[in-house]
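# just need the structure, nothing else, for what follows:
(one chain, ligands or ions: 2)
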Amino acid sequence: MDCVFCKIVKGQLPSKKVFEDERVYAFEDINPVAPTHVLIVPKKHIVGLQELTEEDACLVGHMFVVAKRIAQERNLKGGYRTVFNVGEDAGQSVFHLHLHLIGGRKMAWPPG
Ligand code: AMP
Ligand code: ZN
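Numbering: from 1, shown residues only. Ligands and ions are numbered 1, 2, ... in the order given. Here you go, the predicted model:
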């Protein structure tokens, strides 16, 4: 399948790995928007949140637990943001589900 994140998960494209287990792979975003910008992706190809089914509810919960652990490891005590961009209007550019973990600086609300 011609999917950038599937290729990263399989090691067919380079990435800076942050964490891996049997269900998820986490790596540094190539274009970081903050001192910490990690992407947590399921190893299984899921297009995005719109395509999620009840069967994958635990997997998405696990993605958040992994995000929390990475935030703890990086000592993001001041706070951080976890984001799913869903669809083109929200800025989704890679169509393999990914959770952004962004932190290490103050952030504005609402997002642009
Ligand atoms: P989104 O806009 O929510 O779809 O986010 C896609 C993210 O993937 C962006 O922040 C990109 O910088 C990042 N990205 C795209 N290609 C790569 C890559 N090969 N390695 C790491 N991050 C990537
Ligand atoms: Zn994929």
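
# who's residue 102 bridged to?
On the basis of DSSP bridges, residue 102 is bridged to residue 37, residue 81.

# what's the average pLDDT for the longest helix anywhere in the chain?
With residue count as the measure and DSSP state H as the assignment, the chain has helix 57-73 as its longest helix. In this model, helix 57-73 has a mean pLDDT of 98.

# send the alpha carbons of that helix over as CSV?
This file holds the C-alpha atoms of helix 57-73, laid out as CSV (Å, rounded to 0.1, in the frame of the first residue of the first chain):
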residue,chain,number,x,y,z
ALA,A,57,-11.8,1.8,20.4
CYS,A,58,-9.3,0.1,22.7
LEU,A,59,-6.5,0.8,20.2
VAL,A,60,-7.3,4.6,20.2
GLY,A,61,-7.4,4.5,24.0
HIS,A,62,-4.0,2.9,24.0
MET,A,63,-2.7,5.6,21.7
PHE,A,64,-3.6,8.2,24.4
VAL,A,65,-2.0,6.2,27.1
VAL,A,66,1.2,6.1,25.0
ALA,A,67,1.0,9.8,24.5
LYS,A,68,0.7,10.4,28.2
ARG,A,69,3.7,8.2,28.9
ILE,A,70,5.8,10.1,26.4
ALA,A,71,4.7,13.4,27.8
GLN,A,72,5.8,12.1,31.3
GLU,A,73,9.1,11.0,30.0
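
# right, I'll leave it there.
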